[in-house]
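Visitor: this one's structure only:
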């Protein structure tokens with residue numbers, strides 16, 4: 001067993017490496033450019049929704065208020081007529097990336113902490129590179145990728161978007177695994 005405190009350097013350094021890799025993937029490569037296509041008649045949709053002053057949050061349309069309503073012919077007609085959607089409303093105005101990037105870095109640190117916890121419980125100091133790589137990498141892959149699959153299962157997010165995010169998660173997991181293998185306490 002390796003103490004979590006002995007793994008602070010790979011936790012932080014793997015977060016930095018993942019943060020830098022994700023910045024390159026999202027800002028330099030065209031890999032995610034097609035994830036969210038433009039809505040046809042975007043201006044008409046915006047003009048129709050604006051007067052409703054929807055508060056930021058997640059919405060499901062149509063949304064039954066009970067199981068009984070979900071089983072009603074009226075609700076079935078709403079589903080058939082459409083549109084059926086899950087809608088995320090964000091705050092109006094310019095999007096500040098500072099908050100998002102800060103939270104993303106904290107998330108990278110959290111994934112590193114979980115990877116350190118699992119690997120640290122399984123391995124003693126002095127473990128060989130490949131053993132630390134495997135434990136940290138598998139845990140990081142779960143943290144960066146596997147949780148995204150449910151969005152395609154339940155909310156019909158495009159599988160192509162989820163697969164691309166899974167490849168990103170694999171890259172992040174490999175960076176995390178390599179960092180832990182490299183800096184595992186001797």
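Guide: On my side now, so go ahead. Everything numeric here is computed off the predicted structure, so don't read it as measured data.

Visitor: all contacts plus neighbour counts: C-alpha atoms, from now on.
Guide: Noted.

Visitor: Next one: the residue of the chain most remote from its centre from residue 59, what distance?
Guide: Distance from the C-alpha centroid of the chain, by CA atoms, centre = their mean, peaks at residue 73 (36.7 Å). Plainly put, residue 73 is 22 Å away from residue 59 if you go by CA to CA, to the nearest Å.

Visitor: Residue 1: neighbouring residues, count only.
Guide: 13 (other CA atoms under 10 Å).

Visitor: Please name the nearest non-neighbouring residue to it.
Guide: Distance criterion CA to CA, 6 or more residues apart in numbering; nearest residue to residue 1, sequence neighbours excluded, is residue 124 at 4.4 Å.

Visitor: Next, residue 59: secondary structure please.
Guide: Following DSSP: H, G, I helix; E, B strand; the rest coil, the label given to residue 59 is strand.

Visitor: That one pairs with what?
Guide: With DSSP bridges as the criterion, residue 59 is bridged to residue 87.

Visitor: quick one, what contacts it?
Guide: 86-89 (CA atoms under 8 Å, 6 or more residues apart in numbering).

Visitor: what are the phi and psi angles of the most centrally placed residue in the chain?
Guide: For the chain, residue 148 is the residue whose C-alpha lies nearest the centre (CA atoms, centre = their mean; 5.8 Å). Main-chain torsions, residue 148, degrees, to the nearest 10: phi -80, psi -20.

Visitor: Now do the same contact list for it.
Guide: Residue 148 touches 162, 165-166, counting by CA under 8 Å, 6+ apart.

Visitor: Roughly how far does it sit from residue 89?
Guide: In terms of CA to CA, residue 148 sits 20 Å off from residue 89.
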